[in-house]
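**Q** Have a look at this prediction, sequence included:
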Amino acid sequence: MYVFINVVVLLLIIGLLVYMQTKHISFSKRVFTGLGLGILLGSVLQIVYGAGSDVLNETTEWYNIVGRGYIRLLMMIVIPLVMVSIIQSIINLEKTSELGKMSGWIIGFLVSTAMVAALIGIGSAAIFDLNAEHIDIGEAEAERGDILETRLGEIDGLSTPAKILNFIPSNIFLDMTGERPTSVIAVVIFSIIVGIAVLGLRRKNPEQADMFTKIVNAVYAVVMRIVTLVLRLTPFGILALIAVTVANTEWSGIVELGKFVVASYVALFVMFIIHLILIGLFGLNPFTYLKKVLPVLGFAFTSRSSAGTIPLNIQAQKNALGVDSGIANMSASFGATIGQNGCAGIYPAMLAVMIAPSVGIDPLSPGFIIQLVLIIGISSFGVAGVGGGATFAALIVLSSMGLPVALAGVLISVEALIDMGRTALNVNDSMLSGTLTARIMKKLNLKTFNDQAAIEKSSGL
């Protein structure tokens, strides 16, 4: 009975969001209404039933049909969206030399900002005096540490060149299923090769090239229509996702490790401000940029999925920010696995600074900081080769620095809360790299960027 009541409440709130849509209330307002009501609903559920209760567990299973189901729909369209969009973009390139410049600038921004994020993480850990020696490690934390040691054994022998080699597709049909951690980048590489092949075919056999181009354009139109249909479900997905997250959050763990949580969010906030400063330095209005990316960041925050955010990311870059289609697709795809400022930059740096004193290392010595930043820069490029997000990034960095990884097990109790902010920063960095690359290559539509209603007009949401 209680579960039934909880499900009915969710359906009533979904009904309210549908009513807002029929009244043509903007997509952004519906997204943040869903976010706010989801936080309220999750808080009430935890207060009434308590985290871990049978009623709450069964309720979240039903809620996940909406929340996780929405993420599955997004993941469903990631591969076809990336593939068709990149092929179409390359076909329409005026010069093939633009492809190399485009990729170089995007990856350059992603990796360099990850290294800056590492410095921010080091500074935050130092200011808040984070030290793993002061944390009590109980039986549960020790067990989690052993699990991390086991995971480290799985990836410790994988060199950075081997991780990069995993980007290159050997079976594109396997990668189309999203089976490998590097599937998205593999599909990007395959799509680039197809696009280049079409450009070559156009010189030798223009009739066949034109026929292929027409097919690609038709498929692209259908895929974009599917994207629009799925993205209309965003307010409902965010509602269910945040309700489940808040309802299941272990607040006792947050209280115990509150200092680390606060330090993490301070670092994330500072890095986000640096992103906005970069937007301003390139002659763009950071407040206009912020307004247009907030709905995407809201979804990234609640879903904790950089890959799942790719469709929203691409749509916002093209329709709201005025970024060229090819650049938007590449930056969103690369940004989901390379140079993640939150997961591969700030988080491993903070852990390294915390753990270093436990083995007699001064974490603020110039040698340690330089080595840490360089390793984070390299691993932020190759971490996609092993998958696993922030945990694997931390394992790679800590092991490369010769630091014990078991102590990181104590932080897993607050992992979900921090991961929300990290994912939002990761996604913002990919959008930043696309926007700045488009600005440098003169492929940014300033009229669209400055149009306050651009995302509502052009996305059909």
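**A** Ah, there it is. Given the structure is predicted, the values throughout are model-derived calculations rather than measurements. Numbering: from 1, shown residues only.

**Q** So which bits of whichever strand or helix holds T437 are buried?
**A** Using DSSP states H and E, T437 falls within helix 415-440. Residues of helix 415-440 classed as buried: 415, 417-439 (neighbour count, 16 or more other C-beta atoms under 10 Å). Where C-beta positions appear, they are placed from N, C-alpha and C, glycine not excepted.

**Q** same thing with stretch 109-129?
**A** For stretch 109-129, the neighbour count (16+ other C-beta under 10 Å) marks 109-111, 113-125, 128 as buried.

**Q** Output that stretch as CSV, nothing but the C-alphas.
**A** Extracted as CSV, the C-alpha positions of stretch 109-129 are listed here (Å, rounded to 0.1, in the frame of the first residue of the first chain):
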residue,chain,number,x,y,z
PHE,A,109,41.4,22.2,-24.0
LEU,A,110,40.2,19.0,-22.3
VAL,A,111,43.6,17.9,-21.1
SER,A,112,44.9,21.3,-20.2
THR,A,113,41.9,22.2,-18.1
ALA,A,114,42.2,18.8,-16.4
MET,A,115,45.7,19.8,-15.3
VAL,A,116,44.4,23.1,-14.0
ALA,A,117,41.7,21.2,-12.2
ALA,A,118,44.4,19.1,-10.5
LEU,A,119,46.0,22.3,-9.1
ILE,A,120,42.6,23.4,-7.8
GLY,A,121,42.1,20.0,-6.1
ILE,A,122,45.5,20.2,-4.5
GLY,A,123,44.8,23.7,-3.2
SER,A,124,41.4,22.8,-1.8
ALA,A,125,42.8,19.8,0.0
ALA,A,126,45.6,21.9,1.5
ILE,A,127,43.3,24.7,2.6
PHE,A,128,40.9,22.3,4.3
ASP,A,129,43.8,20.4,5.8
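
**Q** Let me see the mean pLDDT of that stretch.
**A** Summarised as a single mean, pLDDT over stretch 109-129 is 94.

**Q** Could you do stretch 56-71 as well?
**A** When pLDDT is averaged over stretch 56-71, the result is 90.

**Q** Show me which parts of it are buried, residue by residue.
**A** L56, T59, T60, Y63, V66, G67, R68, Y70, I71.

**Q** Please name the nearest non-neighbouring residue to the first one.
**A** Nearest-residue entry for L56: Y49, 4.4 Å, with adjacent residues in sequence omitted and distances by C-beta to C-beta, 6 or more residues apart in numbering.

**Q** Let me see the contact set for that neighbour.
**A** Residues near Y49 by C-beta atoms under 8 Å, 6 or more residues apart in numbering: Y2, V55, L56, T59.

**Q** Between which two of these is the distance greatest?
**A** Y2 and L56 (9.3 Å; C-beta to C-beta).

**Q** Isn't N6 up against T60?
**A** No. Under the criterion of C-beta atoms under 8 Å, N6 makes no contact with T60, lying 9.2 Å away.

**Q** So which other helices or strands are in contact with the lengthiest helix in the chain?
**A** Using DSSP state H to define each element, the chain has its longest helix at helix 54-91. Counting contacts by 3 or more C-beta pairs under 8 Å, 6 or more residues apart in numbering; DSSP states H and E, helix 54-91 packs against helix 2-22, helix 27-49, helix 172-176, helix 183-204, helix 206-231, helix 234-248, helix 310-315, helix 325-335.

**Q** Format those as CSV; extra columns: mean pLDDT and distance to L446.
**A** As requested, those are exported to CSV (pLDDT from 0 to 100; distance: least, C-beta to C-beta, whole Å):
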stretch, mean pLDDT, distance to L446
helix 2-22, 92, 30
helix 27-49, 88, 21
helix 172-176, 87, 36
helix 183-204, 86, 26
helix 206-231, 88, 23
helix 234-248, 88, 27
helix 310-315, 88, 19
helix 325-335, 87, 15
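
**Q** I375: which of the ones you listed is closest?
**A** Nearest to I375, of all the helices and strands packed on helix 54-91, is helix 325-335, at 20.1 Å by C-beta to C-beta.

**Q** so what secondary structure elements neighbour that closest one?
**A** Under the contact definition 3+ C-beta pairs under 8 Å, 6+ apart, helix 325-335 sits against helix 54-91, helix 97-127, helix 183-204, helix 310-315, helix 415-440.
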